[in-house]
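K.L.:
Sequence below, structure please.
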Amino acid sequence: MIAYLAIAGAGLSVALLLTLVILYLRKERDTLRRRVERSARELERLQRSFSRFAPAEMVERLIEAGSLGSGERREVTVMFADIRDFTRISEKQDPVVVIEVLNGYFSEMSRIIRAHHGHVTRIMGDGIMSVFGALEQNPWHALDAVEAAVDMKQALNHYNEALRTRRFPELRFGIGIHCGTVVAGVVGSEELLEFTVMGDVVNVASRIEGLTRQFDSDILITNEVRDRIGDRFRLMEMHPAHLKGKSNSVTTWALLCSDTGSKYKNEERTY
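P.N.:
Sure, this is the predicted structure:
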């Protein structure tokens with residue numbers, strides 16, 4: 001446009017030519033401003049949609065990668081943590097106190113999961129589903145998940161000390177951990193988007209958590225997880241158990257927590 005005006009300028013006065021150029025530049029500026037405003041509104045809408053389930057940095061990362069609305073297969077570790085008998089406990093307590101206790105518990109557990117490169121994908125009643133290795137490639141996802149579980153157990157012990165001062169019953173949870181291939185992606189509606197993972201790995205992890213009651217163990221992992229963490233933790237093999245929807249029995253391992261956790265906890269890792 002400017003080149004055209006320059007050529008046409010031979011027959012126009014300098015003042016008129018400058019006026020046309022200024023008008024053109026103002027039009028381009030206004031067009032660019034509208035585009036920027038539309039982009040800002042779209043980003044704000046996406047952040048609002050994600051806000052209940054995803055941190056802001058994750059939203060920005062997905063937008064930059066162009067991953068919104070598309071799924072991909074990922075090798076991940078899935079963890080389910082559920083408070084035992086919380087419904088029975090809460091029935092005898094002040095509802096206001098129950099919510100405060102739950103919020104404090106979720107806040108502490110979520111902090112630990114994030115610290116170990118995990119992401120809380122869902123909170124269901126008094127349960128937490130979290131995933132390690134879904135947002136970016138992470139060769140240590142299984143180890144991160146198990147170390148998170150150990151720290152969660154230690155944090156729960158400290159949290160129970162605080163609950164005792166409020167005369168609230170101690171909490172105990174069960175954690176089930178499994179790893180494998182899932183489909184990871186964004187699902188939901190315009191009002192609410194959620195980054196999640198889907199597949200048999202999720203179902204197995206949930207059912208392994210259910211086995212913690214049967215074996216009276218706080219943390220259970222599958223053979224697949226054990227193969228990836230090696231001898232970093234003290235484990236005890238449990239009797240094979242049948243899971244709903246599975247034709248073959250599944251062997252799990254109870255994680256024997258200690259104050260030190262993994263003997264390789266401070267090893268160097270590249271993410």
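K.L.:
what residues go with each domain of the protein?
P.N.:
2-48, 70-255 (automatic domain parsing).
K.L.:
Out of these, which is closest to residue 269?
P.N.:
Nearest to residue 269 among these is domain 70-255 (5.3 Å), distances taken as CB to CB. Every C-beta, even on glycine, is put in place using the N, C-alpha and C of the backbone.
K.L.:
re earlier: looking at the domains of the chain, which is buried most?
P.N.:
Per residue and on average, the most neighbours among the domains of the chain fall to domain 70-255, with a mean of 18 (mean count of other CB atoms under 10 Å).
K.L.:
so for it, what's the average pLDDT?
P.N.:
Averaging pLDDT along domain 70-255 gives 91.
K.L.:
coming back round to it: please convert the domains of the chain to JSON lines, extending it with distance to residue 271.
P.N.:
Formatted as JSON lines, those follow (distance: least, CB to CB, whole Å):
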{"stretch": "domain 2-48", "distance to residue 271": "25"}
{"stretch": "domain 70-255", "distance to residue 271": "6"}
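K.L.:
centroid residue for this structure?
P.N.:
The residue lying closest to the centre of the chain (CA atoms, centre = their mean) is residue 119, at 1.9 Å.
K.L.:
ok, and the closest non-adjacent residue to that residue?
P.N.:
The spatially closest residue to residue 119, leaving aside those adjacent along the chain, is residue 131, at 5.5 Å (CB to CB, 6 or more residues apart in numbering).
K.L.:
residue contacts, that neighbour?
P.N.:
76, 77, 78, 79, 118, 119, 121, 182, 184, 196, 197 (CB atoms under 8 Å, 6 or more residues apart in numbering).
K.L.:
can we see that at 10 Å?
P.N.:
74, 76-79, 113, 118-122, 141, 145, 182, 184, 195-197, 201-202, 205 (CB atoms under 10 Å, 6 or more residues apart in numbering).
K.L.:
Could you list which of those residues belong to helices?
P.N.:
The helices, defined by DSSP state H, take in 113, 141, 145, 201, 202, 205 from the contacts of residue 131.
K.L.:
Settle this for me: the fifth one is touching residue 78, isn't it.
P.N.:
Yes - applying CB atoms under 10 Å as the test, residue 202 and residue 78 come out as touching, 5.4 Å apart.
K.L.:
Mind listing the shared neighbours of the two?
P.N.:
121, 129, 131, 178, 180, 182.
K.L.:
where along the stretch 51-200 of the chain do the strands fall?
P.N.:
Taking DSSP state E, counting those that start in this stretch to define them, one finds strands in the stretch 51-200 of the chain at 71-83, 118-124, 127-132, 173-188, 193-198.
K.L.:
of those strands, which approaches residue 163 most closely?
P.N.:
strand 71-83 (11.9 Å).
K.L.:
Parallel or antiparallel, which strands does the closest one pair with?
P.N.:
strand 127-132 (antiparallel), strand 173-188 (antiparallel) (DSSP bridges).
K.L.:
so who does residue 211 touch?
P.N.:
Residue 211 is in contact with 174, 176, 217, 220, 238, 241, 242, 243, 250, 252, 254, counting by CB under 10 Å, 6+ apart.
K.L.:
got the residues you listed as JSON lines, with distance to residue 104 and secondary structure columns?
P.N.:
Below are the contacts of residue 211 laid out as JSON lines (distance: CB to CB, whole Å; DSSP: H, G, I helix; E, B strand; the rest coil):
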{"residue": "174", "distance to residue 104": "19", "secondary structure": "strand"}
{"residue": "176", "distance to residue 104": "23", "secondary structure": "strand"}
{"residue": "217", "distance to residue 104": "25", "secondary structure": "coil"}
{"residue": "220", "distance to residue 104": "25", "secondary structure": "strand"}
{"residue": "238", "distance to residue 104": "31", "secondary structure": "coil"}
{"residue": "241", "distance to residue 104": "33", "secondary structure": "strand"}
{"residue": "242", "distance to residue 104": "36", "secondary structure": "coil"}
{"residue": "243", "distance to residue 104": "32", "secondary structure": "coil"}
{"residue": "250", "distance to residue 104": "34", "secondary structure": "strand"}
{"residue": "252", "distance to residue 104": "30", "secondary structure": "strand"}
{"residue": "254", "distance to residue 104": "27", "secondary structure": "strand"}
